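> just coords:
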């Protein structure tokens, strides 16, 4: 089975998106996370970020400026699957 590049875009339900990304690492695909705006300062968020860091999943925090939007577009283009949560 061919490895896929999976991008999880966390915009509305950020904690749920982080959980989903953590679960996607079990498939042995290449997973990355992009968060639109800041993340809540909650224990659940810290726990998921630690798990993603342990699994070497890059987490990119995006703001609403032009350079970062271009970075997001590049991430989307190189991904086989994009989940927006």
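Yep, that arrived. Computed from a prediction, not measured in an experiment: that's the story for all the values here.
> only C-alpha atoms for contact and neighbour calcs from this point on.
OK.
> so, low pLDDT: which residues of the protein?
64-67 (pLDDT under 70).
> in it, which residue is closest to the centre?
The residue lying closest to the centre of the chain (C-alpha atoms, centre = their mean) is residue 33, at 1.3 Å.
> what's the following helix or strand after the helix or strand that contains it?
Using DSSP states H and E, residue 33 maps to strand 30-36. Going down the chain from strand 30-36, the next helix or strand is helix 43-54, by DSSP H and E.
> who touches that following helix?
Helix 43-54 is touched from outside by 15, 18, 19, 21, 22, 39, 58, 59, with contacts defined as C-alpha atoms under 8 Å, 6 or more residues apart in numbering.
> what residues are bridge-paired with the residue nearest to residue 11 when sequence neighbours are not counted?
Residue nearest to residue 11 in three dimensions, not counting chain neighbours: residue 36, with 5.0 Å by C-alpha to C-alpha, 6 or more residues apart in numbering. On the basis of DSSP bridges, residue 36 is bridged to residue 62.
> surely residue 36 meets residue 9?
Yes - using C-alpha atoms under 8 Å, residue 36 is in contact with residue 9, at 7.3 Å.
> neighbour count: those two, which is higher?
A direct count of neighbours by other C-alpha atoms under 10 Å for residue 36 and residue 9 places residue 9 higher, at 26 against 19.
> so residue 57 makes contact with residue 31?
Yes - counting by C-alpha under 8 Å, residue 31 is a contact partner of residue 57 at 6.0 Å.
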